[in-house]
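[1] Got a predicted model here, sequence first, then my questions.
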Amino acid sequence: WEGTLAGAFLQSRLASGFCNGKNYAGHFGTPDPAFSSLSLLRVARMNTEHLTEAEKFLQQNPAIHEFDLLLPDMNAVLRGKRILREKLLSIYKKGFYFPVSVFGMDVTGETMEETGLGFESGDQDLPCYPIPETLKVVPWQKDRGQLLLRMFEVDGSPFYGNPREVLKSVCLKMADSGWNAVVAIEMEFFLTDQKRRPGHPPRPASSPASGQRESEGQLYSLTTLDNYDSFLKDISDSADKQNVPVDTALAELSPGQFEINLHHVPDAIQACDHAILLKRIIRSISQKHKMEASFMPKIYPDLPGNGMHVHLSLLDTEGRNVFQGSDALGSPELRNAVEGLRSVMVESMLICAPHANSYHRFQSDSCAPVNMSWGYNNRTVSIRIPASEGPDTRIEHRLAGADANPYLLVAALLSGILHGLKEKNDPPQPVEGNAYLQTDLEFPETWEEARNHFEQAEILPQYFGREFCQLFANLKKGEQSRFFSKIAPLEYEWYLKTV
């Protein structure tokens, strides 16, 4: 769990070179032309320094003829464009323009005008530049590569509405306090049939090896892993070729459900990049095997849903684990961090559970937490301290669904930890036994309630910036309005002839 800080701190210093300490609220109109030109020229010059990365890649991969340009949106959906090989070097030199409304889209790709990023702003384009060391081959496509981008304001500062930049700003605050986060993310997902009846839940996928469809899950079943061995092996091979550190795969409780864990890295931003790319790998490989992978939080009402668990610890400037104590209980800082996470749990619920379906996952005895509990070696709590000690001491956050944006999720967790370490408050006694029996530690139970709490947040805006928080709240407001304007089929069944 320990790691070196050099790479992470170097990246933080490079990131701080783009920041000027201001929070921009999308004021892309009428900038100072000279200042904007100079600022964007500086951004372009820094990216030109990475031009050799692209040139070397093209030399080593002559068969690649096209590239996917990837820009994760507010819901962690990968938006982008596909370009030909001849265009790649110019993107490193001059950048590439994307509509700013990408960060105003709901999960279906509809721009929410409530964000102010659509027609109100003229649906403007902003320049995007490559993120160093993200130029990779796409193993499941013989002639394709991929590249992650970041968006900039017209004055050359990072675009304020990009969740990745929010996480970067939180990491800089953490570095200013002398700490660096070590992060690992676990992803749960279902494999289902590609075809389904409209309005009906999908069926679990048939095993590529046996052709049989599971009727019930077998937790930690090696036989299940064997039945899906070719699928899992392709994921492992693809992840290896893209330098995504896949660590462990396991069969979960529900039929067709799996979990894949990423190895911890001493760079929170890179850990989230890995999670975003792993989702793309899993989805793409499942299609290759005539299946569909879904990270929907709750597909089947009576079965456990999909979560996103985050393991994290802090290292000081000497590389020592701040959470390590004299025994398995950990340090006082560990308990302060736990209370910090509890203090932001209510206002960050919209980040942990960002969609309507997210709230179906929180059911008693469902393997998803239902309250603000914490404890040692206890999987029924929201904040778990795994059975470990010494340099491996860490926190596992188990609340979020697999639909959460990893950048925003980790940013919220680190903000809570920073707040906890600043306030130095201790949490209540850890829960022993079944935390589902705790009824006095409830968090928001509905999507609307979660948005209300986020809009009234006091801690997160100090770390995220109030402009971003307003943007995210407005996006979810528009998404909720659109979702609840639809009439569900069940309403016709219940009400059409009875009321």
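    That came in fine, so what should we check first? Residues are numbered from 1 along each chain as shown.

[2] And the strands in this protein?
    According to DSSP state E, the chain carries its strands in the segments 66-72, 78-84, 96-99, 125-130, 136-137, 144-151, 180-192, 246-251, 257-262, 292-294, 308-315, 374-376, 383-385, 395-397.

[3] looking at those, which is closest to residue 447?
    Closest approach to residue 447 among the strands of the chain (CB to CB): strand 308-315, 17.3 Å. For glycine as for every other residue, the C-beta is placed from the backbone atoms N, C-alpha and C.

[4] What segments of the stretch 201-350 of the chain are helices?
    Assigned by DSSP state H, counting those that start in this stretch, the helices in the stretch 201-350 of the chain fall at 222-227, 229-241, 268-288, 332-343, 349-352.

[5] Residue 410 and residue 417, how far apart?
    Using CB to CB, to the nearest Å, residue 410 is found at 10 Å from residue 417.

[6] can you check residue 196 too?
    Note on residue 196: its distance to residue 417, by CB to CB, is 41 Å.

[7] For stretch 125-143, measure first residue to last.
    Criterion CA to CA, to the nearest Å; first-to-last residue distance in stretch 125-143 is 29 Å.

[8] How about the contacts made by the residue nearest the centre of the chain?
    Of all residues in the chain, the one closest to the mean position by CA atoms, centre = their mean is residue 406, 1.4 Å from it. Contacts for residue 406 (CB atoms under 8 Å, 6 or more residues apart in numbering) come out as 76, 185, 271, 272, 275, 276, 308, 310.

[9] so which of the strands of the chain gets nearest residue 468?
    Evaluated over the strands of the chain, closeness to residue 468 peaks at strand 144-151, with 13.3 Å, by CB to CB.

[10] Give the burial count for the residue nearest to residue 289 when sequence neighbours are not counted, as a bare number.
    Using CB to CB, 6 or more residues apart in numbering and skipping the chain neighbours, the partner closest in space to residue 289 is residue 231 (4.9 Å). By other CB atoms under 10 Å, 24 other residues sit near residue 231.

[11] Okay, now the unreliable bits of the stretch 151-300 of the chain?
    Residue ranges of the stretch 151-300 of the chain with pLDDT under 70: none are present.

[12] ok, now with 90
    Under the criterion pLDDT under 90, the flagged ranges of the stretch 151-300 of the chain are 154-155, 195-201, 207-220, 223, 253.

[13] do the stretch 351-499 of the chain as well
    Across the stretch 351-499 of the chain, the ranges flagged by pLDDT under 90 are 363-367, 388-390, 437-443, 488-490.

[14] all helices of it, in order?
    406-423, 447-455, 460-464, 466-484, 489-495.

[15] Kindly report the same for the stretch 1-150 of the chain.
    Assigned by DSSP H, counting those that start in this stretch, the stretch 1-150 of the chain shows helices spanning 6-16, 33-48, 51-60, 88-94.

[16] From the rest of the structure, what touches the third one?
    Residues lying outside helix 51-60 but in contact with it, judged by CB under 8 Å, 6+ apart, are 64, 85, 88, 89, 92, 93, 130, 132, 133, 135, 145.

[17] do you know how far the closest residue to the fourth one other than its chain neighbours is from residue 383?
    Excluding its sequence neighbours, the residue lying closest to residue 89 (CB to CB, 6+ apart) is residue 54, at 5.7 Å. If you measure residue 54 against residue 383 using CB to CB, the figure is 42 Å.
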